[in-house]
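*Asks:* Provide a 3D model corresponding to the input given below.
(one chain, ligands or ions: 2)
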Amino acid sequence: MSSSNKQAGSLNEKAGISSPEITNASAISQIKNKRRQQPSAEELISGIISGNRTTLSRAITLIESTNQDHTEKANQVIKGCLSEANKSIRIGITGVPGVGKSTFIEAFGKHLTSLGKKVAVLAVDPSSSLSHGSILGDKTRMEELVKDENAFIRPSASGETLGGVARKTRESIILCEAAGFDVIIIETVGVGQSETAVHSMVDFFLLLKISGAGDELQGIKRGIMEMADAIVINKADGDNIKKANLAKIEFNRALHLFPSKKSTWQPKVTTCSAITKDGISDIWETISQYFELTHETGYFDEKRKEQNQFWMIETINEHLKSDFFNNPKILSQLDETKKAVQNNEISPFAAAQILLDKYKKI
Ligand SMILES: Nc1nc2c(ncn2[C@@H]2O[C@H](COP(=O)(O)OP(=O)(O)OP(=O)(O)O)[C@@H](O)[C@H]2O)c(=O)[nH]1
Ligand SMILES: [Mg+2]
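*Replies:* Ligands and ions are numbered 1, 2, ... in the order given. Presented below is the predicted three-dimensional model:
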């Protein structure tokens with residue numbers, strides 16, 4: 001074997017297969033062109049509604065695209081899916097890195113599919129544009145769920161702003177619901193403001209914790225405790241069980257100090273192990289109780305309506321902001337104005353006003 005052959009051999013697993021003689025170039029290019037053709041909005045809508053996961057993935061990619069043509073098509077698809085959506089339960093899951101979110105979602109998701117539910121897992125993780133999506137790297141942690149035909153797992157959209165990433169996730173929820181997924185899980189890492197964004201797009205918000213050195217409440221943001229409909233202390237297995245039970249008592253005590261929720265739901269604290277699966281089915285029981293209560297009181301629909309309004313305003317905010325900061329006339333003056341503010345030549349408020357006035361005239 002010559003040395004060049006050896007090189008080729010080390011780069012390719014298999015030698016290339018030459019084209020059979022009956023294929024001709026024009027037929028191949030025709031097939032390739034057909035594959036390249038993008039499906040129409042109608043085709044995407046009917047594919048999604050029939051539960052085709054490949055079409056669903058394609059449509060989500062369209063939502064995530066920043067190309068203006070794609071945005072218009074994505075909007076058509078969302079519109080077409082809206083009437084089919086809304087029949088799901090949306091659950092937000094947050095917790096600091098390493099708490100066991102992925103392992104928990106694997107165990108919880110498998111439990112749900114074993115009950116005949118269809119589960120979609122989406123994420124809001126604005127940092128994922130750097131880390132390439134935490135869920136993607138999680139394929140090993142969610143090994144079983146990834147293979148489950150009743151589950152759909154999609155990593156976080158990458159984007160510069162939390163608002164942008166969150167909006168894309170929210171639109172993806174609609175498509176997943178239209179595709180027949182009845183439980184939508186939205187995962188977020190418990191850092192930054194992403195919990196607030198996720199809280200505003202789900203029906204039930206679950207905070208995942210682990211028992212610490214006894215001082216459980218230390219370092220927990222009060223706002224997150226207040227948002228939680230359930231606090232689940234994970235890794236309650238082996239030597240950890242006792243500590244987890246003590247943590248449960250402490251969290252329960254703390255939760256009683258918060259004012260009661262508008263939903264009238266009293267947040268629950270439970271323990272579980274995502275590894276041994278102990279306590280996983282109880283969590284679903286708790287969530288089901290929440291849905292029973294909020295459907296009965298009408299709070300479920302009321303909250304969704306409020307969330308829709310919130311997202312409308314958020315979308316306008318995002319749009320205006322990006323339109324302003326991407327405007328060439330604003331951009332050309334922004335640095336200079338920033339410097340003037342830095343040098344105390346002008347107050348930040350007056351400087352902002354000048355730029356805003358300029359923008360309004362554009
Ligand atoms: N003993 C025990 N270990 C667990 C449990 N759940 C998760 N782990 C372990 O904790 C580590 C972190 O779990 P992940 O599921 O990756 O945690 P995560 O919250 O998704 O982490 P990030 O994706 O980095 O935010 C892994 O080594 C898991 O095996 C559990 O219930 N018991
Ligand atoms: Mg993870």
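*Asks:* In contact with Ile28: list those residues for me.
*Replies:* Neighbouring residues of Ile28 by Cβ atoms under 8 Å, 6 or more residues apart in numbering: there are none. (C-beta placed from N, C-alpha, C; glycine too.)
*Asks:* Okay, it and Gln38: tell me how far apart.
*Replies:* Applying Cβ to Cβ, to the nearest Å, the value for Ile28 to Gln38 is 20 Å.
*Asks:* Next: Ser263.
*Replies:* Distance of Ser263 to Gln38, computed by Cβ to Cβ: 43 Å.
*Asks:* Of these two, which one has the most company?
*Replies:* In this view Ser263 and Gln38 are compared by other Cβ atoms under 10 Å, and Ser263 has more residues nearby, 18 against 12.
*Asks:* so the more buried one, which of the three states?
*Replies:* Applying DSSP: H, G, I helix; E, B strand; the rest coil to Ser263 yields a three-state assignment of coil.
*Asks:* Which single residue in the stretch 1-150 of the chain comes nearest to ligand 1?
*Replies:* Here the stretch 1-150 of the chain gets closest to ligand 1 at one residue, Gly100, 3.0 Å apart by Cβ to the nearest ligand atom.
*Asks:* is it true that that residue touches Val232?
*Replies:* No: using Cβ atoms under 8 Å, Gly100 makes no contact with Val232, being 9.5 Å away.
*Asks:* out of those two, which sits in the busier spot?
*Replies:* Val232 (31 against 21).
*Asks:* ok, the residue of the stretch 1-150 of the chain closest to ligand 1 - contacts?
*Replies:* When the contact criterion is Cβ under 8 Å, 6+ apart, the partners of Gly100 are 208, 210, 234-235, 274.
*Asks:* tell me which of these is nearest to Phe152?
*Replies:* Ranked by distance to Phe152 (Cβ to Cβ), the contacts of Gly100 are led by Ala274 at 19.9 Å.
*Asks:* Pull up the gap between the closest one and ligand 2, please.
*Replies:* Distance, Ala274 to ligand 2, by Cβ to the ion, to the nearest Å: 11 Å.
*Asks:* Doesn't that residue belong to a strand?
*Replies:* No: read with three-state DSSP, Ala274 is coil and lies in no strand.
*Asks:* can I assume it is in contact with Gly109?
*Replies:* No: between Ala274 and Gly109 there is no contact under Cβ under 8 Å: 10.7 Å.
*Asks:* which SS state does the residue nearest the centre of the chain fall under?
*Replies:* Central residue of the chain (Cα atoms, centre = their mean): Ala123, 2.3 Å from the mean position. Ala123 falls in the strand class when you classify it by three-state DSSP.
*Asks:* just checking, it touches Ala166?
*Replies:* No: assessed by Cβ under 8 Å, Ala123 is found out of contact with Ala166, at 10.6 Å.
*Asks:* which stretches of this structure have low pLDDT?
*Replies:* Applying pLDDT under 70 to the chain picks out residues 1-23, 31-36, 86, 127-140, 159-160, 190-192, 213-219.
*Asks:* Contact residues of it facing ligand 1?
*Replies:* 95, 97-103, 134, 141, 189, 234-235, 237, 273-275 (Cβ under 6 Å from any ligand atom).
*Asks:* Out of those, which end up buried?
*Replies:* When these are checked for burial by 16 or more other Cβ atoms under 10 Å, the buried set is 95, 99-103, 134, 141, 189, 234-235, 237, 273-275.
*Asks:* of those, closest to Asp69?
*Replies:* Looking across those and measuring by Cβ to Cβ, the closest to Asp69 is Ser134, at 29.9 Å.
*Asks:* who's in contact with the host helix or strand of Ile231?
*Replies:* Using DSSP states H and E, Ile231 sits in strand 230-234. For strand 230-234, contacts defined as Cβ under 8 Å, 6+ apart pick out 95, 99-100, 103-104, 204-211, 225, 244, 247-248, 251, 255, 267-274, 279, 283, 286-287, 290.
*Asks:* Tell me how far Lys73 lies from ligand 2.
*Replies:* 32 Å.
*Asks:* quick one, what contacts that residue?
*Replies:* Contacts of Lys73 by Cβ under 8 Å, 6+ apart are 41, 44, 62.
*Asks:* ok, the first one touching Val77?
*Replies:* The reference is to Ala41. Yes: using Cβ under 8 Å, Ala41 is in contact with Val77, at 5.2 Å.
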